[in-house]
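Trainee: Need the 3D shape of this:
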Amino acid sequence: MVVRLEDLGKTVRETQYAVRGPIVARAAELERDGREIIYCNIGNPHSFGQKPLTWIRQVLAILSYPDLLISGKDLFPADVVEMAGRVLQQTRHGFGAYTESKGLCFIREAIAKFIEKRDGIKADPETIYLTDGASKGVQAILEVLISSERDGIMVSIPQYPLYSATITLYGGRRVDYYLDEATGWKLTLEQLEQAHQKAEKEGIRVRAICVINPGNPTGAVLDEKNIEMVIHFARKHHLAILADEVYQDNIYLNSDSFISFAKVLEKNHIKDVSLFSFHSCSKGLLGECGIRGGYFECRNIPDEVLFEITKMQSVSLCANTVGQVTTFLMVSPPQPGQPSFESYTGERAEVLESLRIRAKMVADGLNRIPGINCQHVAGAMYAFPRITLPKGMTDDQYCMRLLEETGICVVPGSGFGQAPGTFHFRTTILPPINKIEAVIEKLAQFQLKIMR
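Mentor: Predicted coordinates for the structure are as follows:
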């Protein structure tokens, strides 16, 4: 038989993912016709010229072709060869073999040490799962939490479409709580309580709250007080917390710092709130989007629930081994005194400084355009400016016309959610510094044109 659209499941047909929606499809058409397109729709650093960190790629090169341990020994620094040999010894069978469902044990142990060093708290390798990027981890936990169409998951508005798409796909209910744009996209207890109360009145059983820190698409960075408030809110309403922390290295303001939910949870000695924390080498500083690697850590999860999570992970056998090892290298960088330490830290600092400069350039440039207002980009790699539109125009129409007339591809705010009566778009801060001014200038001319 021929499979027809009406044969597909309702949840599949209703699932939407704006980051690669109709506007991006149109951009691809225009590009095939010879138009120059600037893809600001997705956080894909290497596509904008960000170079991979040399040390990581050198280790991966040897691991992909182990004969280089001998024939290419003189091509690489001694610590690269030592690390590659260590990984090969620990994996036993190399990249081409399956691993245990949770991921390679020595990598999970390294992640536990990374968490302990970062937060000053204990971490258990047996509650850490390696995944094909953080997205697969988020999807795995949402699948476990959503058991019926009455189950609701609280997500921020604006949110990253991974959450809305996955909740729809698994037949759950999205419970929106609005971030406060006026205060730099912070969370407020009032909004959380209103959203929870509204859901309960609608007969929704709220199961968990998702928080993205640093924020996507907002670029906001939460402070400890805000995180503590969310934890106490979750405790009051018996909710699990999903903490998406993939941009934890991408902090651009000296006044901000990354604080993990796990650290605040342990500092407050809270044992009756379940926490799932996500990190990835496919986003953030490394930006290795094509290498799908990440992990999630579970806290305050009963053993019988961990067993079920492990069972679900085993259905896919294991995360890809290249992603697993790249995650290992992310949490086990060169140490002082090793040959690669200075070049590694230098490249890392160069990437972060470039992102810091671009974050300021994008926000300042957008704020110079009449009819556009953008909060500071404090972290991550996105801006979510508010736009003034002519009466009758939607942000979807705005972004399509922007693409058609300027070649700039951004995502309309409708794909992320926004307060009623407001319009936004999401753009990355990733275009090279020498192209950002040109992008801002094209945006300014377009904005002035449509306002006339």
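Trainee: mind listing the strands in the stretch 101-250 of the chain by residue range?
Mentor: 128-131, 151-157, 173-178, 205-212, 240-244 (DSSP state E, counting those that start in this stretch).
Trainee: Tell me which strands the longest one pairs with, and in which orientation.
Mentor: Strands adjacent to strand 205-212 in the sheet, as given by DSSP bridges, are strand 151-157 (parallel), strand 240-244 (parallel).
Trainee: Looking at these, which is nearest to residue 373?
Mentor: strand 151-157 (17.6 Å; C-beta to C-beta). Where you see a C-beta, it was placed from the backbone N, CA and C, and this is true even at glycine.
Trainee: Spatially, which residue comes closest to residue 58, not counting chain neighbours?
Mentor: Excluding its sequence neighbours, the residue lying closest to residue 58 (C-beta to C-beta, 6 or more residues apart in numbering) is residue 80, at 4.6 Å.
Trainee: what's the answer for residue 158, then?
Mentor: Nearest one to residue 158, counting by C-beta to C-beta, 6+ apart, is residue 416 at 3.8 Å.
Trainee: bridging residues for residue 130?
Mentor: Beta bridges link residue 130 to residue 295, judged by DSSP bridges.
Trainee: That one against residue 105, yeah?
Mentor: No. In this structure, residue 130 is not within contact of residue 105 by C-beta atoms under 8 Å, at 10.2 Å.
Trainee: These two: which is more packed in?
Mentor: The neighbour comparison of residue 130 against residue 105 (other C-beta atoms under 10 Å) goes to residue 130, with 29 against 14.
Trainee: what's the more buried one in contact with, if anything?
Mentor: Listed by C-beta atoms under 8 Å, 6 or more residues apart in numbering, the contact partners of residue 130 are 99, 102-104, 107-108, 293-295, 318-319, 323-324, 327.
Trainee: Same question for residue 376.
Mentor: When contacts are counted by C-beta under 8 Å, 6+ apart, residue 376 is found next to 184, 219, 253, 363.
Trainee: Now rank the residues you listed by neighbours and give me the top one.
Mentor: Using other C-beta under 10 Å as the neighbour test, the contacts of residue 376 are led by residue 219, with 28 neighbours.
Trainee: From residue 185, how far out is the nearest residue in space to it that is not next to it in sequence?
Mentor: Here the nearest residue to residue 219 in space, its sequence neighbours aside, is residue 377; by C-beta to C-beta, 6+ apart that works out to 3.9 Å. Distance from residue 377 to residue 185, counting by C-beta to C-beta, to the nearest Å: 10 Å.
Trainee: got any residues that touch both of the two?
Mentor: Residues touching both residue 377 and residue 185 by C-beta under 8 Å, 6+ apart: residue 219.
Trainee: more neighbours, those two?
Mentor: Using other C-beta under 10 Å as the criterion, residue 377 and residue 185 rank with residue 377 on top: 31 against 22.
Trainee: surely that one meets residue 385?
Mentor: No. Look at residue 377 against residue 385 with C-beta under 8 Å: they stay out of range, at 9.9 Å.
Trainee: Can you flag which of the contacts of residue 376 belong to helices?
Mentor: Among the contacts of residue 376, the residues falling in helices (DSSP state H) are residue 363.
Trainee: Closest to residue 339 out of the contacts of residue 376?
Mentor: residue 253 (33.3 Å).
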